[in-house]
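K.L.:
below are the sequence and a predicted model for it; my questions follow.
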Amino acid sequence: MNSRGLMELIIVNIGIQKGIIQPALFSMLVLMAVVTTMMAGPLFELFYGRRARAIGRLAPNI
């Protein structure tokens with residue numbers, strides 16, 4: 001998990017503990033944090049990895 005997603009989860013947990021956000025919003029924000037964190041790797045590979053491998057900046061995929 002990247003630090004952005006982890007930080008969001010910490011802040012959302014504090015928000016629900018303090019009563020600032022409702023359980024429905026908490027669930028949506030946790031889901032968003034998990035989905036965007038899972039998307040980060042494939043999107044990075046799609047936009048940066050292929051091009052970097054083509055010009056020799058990254059090792060080839062095994």
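P.N.:
That came through, no problem. The shown structure was predicted, so the numbers you read here are calculated from the model rather than taken from an experiment.
K.L.:
so where does the nearest residue to Val34 once chain neighbours are set aside fall, helix or strand?
P.N.:
Counting by C-beta to C-beta, 6 or more residues apart in numbering, the nearest residue to Val34 once its immediate chain neighbours are dropped is Gly5, at 7.2 Å. Every C-beta, even on glycine, is put in place using the N, C-alpha and C of the backbone. Per DSSP states H and E: Gly5 is located in helix 3-17.
K.L.:
what distance do you get for the residue nearest to Val34 to Gly19?
P.N.:
Applying C-beta to C-beta, to the nearest Å, the value for Gly5 to Gly19 is 23 Å.
K.L.:
looking at these two, which is more packed in?
P.N.:
It is Gly5, of Gly5 and Gly19, that has more neighbours when counted by other C-beta atoms under 10 Å, with 18 against 7.
K.L.:
per-residue confidence for Ser27?
P.N.:
In the predicted model, Ser27 carries a pLDDT score of 96.
K.L.:
re earlier: please name the residues that touch the residue nearest to Val34.
P.N.:
Gly5 sits next to 33-34, 36-37 when contact means C-beta atoms under 8 Å, 6 or more residues apart in numbering.
K.L.:
just the ones of these in helices?
P.N.:
Cross-referencing those against helices under DSSP state H gives 33-34, 36-37.
K.L.:
now those: which count as buried?
P.N.:
Neighbour counting with 16 or more other C-beta atoms under 10 Å marks 33, 37 as buried within the ones in helices among the contacts of Gly5.
K.L.:
now the residue nearest the centre of the chain: closest residue in space, sequence neighbours ignored.
P.N.:
By C-alpha atoms, centre = their mean, the chain has its centre lying nearest to Thr37, at 1.9 Å. Beyond its immediate neighbours in the sequence, the residue positioned closest to Thr37 (C-beta to C-beta, 6+ apart) is Gly5, lying 3.6 Å away.
K.L.:
could you check how far the one you found is from Gly56?
P.N.:
Counting by C-beta to C-beta, the gap between Gly5 and Gly56 amounts to 31 Å.
K.L.:
cool, and Thr37?
P.N.:
Taking C-beta to C-beta as the measure, Thr37 and Gly56 are separated by 29 Å.
K.L.:
that concludes my questions; thank you for your assistance.
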